[in-house]
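Q: I need the structure of the sequence given here:
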Amino acid sequence: MVSPTDAERLKRAAAAAAVEEVQDGMVVGLGTGSTAAHVVQLLAPRVAAGLDITAVATSRATDAAARAVGIRLVTPDALGAIDLCIDGVDEIDSRLRAIKGGGGAMLLEKIVATLARRNIAIADGSKRVERLGGRAVPIEILPAARGLVAAEIARLGGAADLRLRDGAPWVTDWGHHILDAQFPNITDATALARALSAIPGALGHGLFLTEIDALYVAGSDGVSRQERPIDE
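A: From the prediction side, this is the model:
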């Protein structure tokens, strides 16, 4: 079992390896959560030393952190492509298919990841899994669609819980709610992703099946890199 202190150390090591891919002139997508926070911290001294990049933040929290260390930011709405995106994952399998959204920002994370020519995931070794489904799949919803989306999740064999913060519904940066859907046996992740995307009122989900191009994972024996299998 990895302690919280060791997990943060490993995530930072993976982030340090990944940010070596950031070069002058790039537009860089910055993820959300504790892993992505290491990316921002590690880029800060390079930017201060003259690294010329523009960043796209996937949440207000990341936006604020990046601005605080002097990273220049743009919004993704006018962009047709992003050079590189770096973000964490909640779990990831050997085919680089992942579940994301623990930080509640998977909707914009997926937009930015889709815009990215190269999308890098960073993680400690505990996030590696044989099969997706140990973690809930977050689904960002219109509040008015909660009943409908929950019923459709049940029809698909899952169970949905409304994500709460301090006893009230979690509200995303965009004013939406999140259902955390547990699927005990994801046998066909592609079909599940397609079904979730088709539910009216479900605005985005945390299954990232084709977006990730490379994984930097840190363990007791150091940091390793895996590229997406060529047949994917």
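
Q: Looking at the most centrally placed residue in the chain now. What's its pLDDT?
A: Central residue of the chain (Cα atoms, centre = their mean): Lys100, 4.5 Å from the mean position. What the model reports for Lys100 is a pLDDT of 97.

Q: Was I right to think it contacts Asp87?
A: Yes - between Lys100 and Asp87 there is a contact under Cβ atoms under 8 Å: 7.2 Å. No exception for glycine: its C-beta is placed from N, CA and C like everyone else's.

Q: any common contacting residues for these two?
A: The contact sets of Lys100 and Asp87 overlap at Glu109 (Cβ atoms under 8 Å, 6 or more residues apart in numbering).

Q: What separation is there between Val56 and Asp63?
A: According to Cβ to Cβ, to the nearest Å, Val56 and Asp63 sit 9 Å apart.

Q: who's in contact with the residue nearest to the centre of the chain?
A: Lys100 touches Asp87, Gly88, Val89, Asp90, Met106, Glu109, Pro138, Gly206, Phe208, counting by Cβ under 8 Å, 6+ apart.

Q: okay, Val56 and Asp63: which has more neighbours?
A: Neighbour count, other Cβ atoms under 10 Å: between Val56 and Asp63, Val56 has more, with 24 against 19.

Q: Mind listing the strands whichever strand or helix holds the more buried one pairs with, and their directions?
A: Applying DSSP states H and E as the criterion places Val56 in strand 54-57. Partner strands and pairing direction for strand 54-57 (DSSP bridges) are strand 27-30 (parallel), strand 72-73 (parallel).

Q: Return the helix or strand of the chain with the lowest mean pLDDT as CSV; C-alpha atoms alone will do.
A: Within the chain, no helix or strand scores below helix 4-18, which has a mean of 93 by mean pLDDT, DSSP states H and E. In CSV, the C-alpha atoms belonging to helix 4-18 read as follows (Å, rounded to 0.1, in the frame of the first residue of the first chain):
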residue,chain,number,x,y,z
PRO,A,4,-0.1,9.5,0.7
THR,A,5,3.4,11.0,1.1
ASP,A,6,5.0,8.3,-1.2
ALA,A,7,2.2,8.7,-3.7
GLU,A,8,2.8,12.5,-4.0
ARG,A,9,6.6,11.8,-4.4
LEU,A,10,5.9,9.3,-7.1
LYS,A,11,3.4,11.6,-8.9
ARG,A,12,6.0,14.4,-8.9
ALA,A,13,8.6,12.1,-10.3
ALA,A,14,6.3,11.1,-13.1
ALA,A,15,5.4,14.7,-13.7
ALA,A,16,9.1,15.7,-13.8
ALA,A,17,9.7,13.2,-16.6
ALA,A,18,6.7,14.2,-18.6
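
Q: re the thing from before, now, the contacts of Lys100 that are in strands?
A: Asp87, Gly88, Pro138, Phe208 (DSSP state E).
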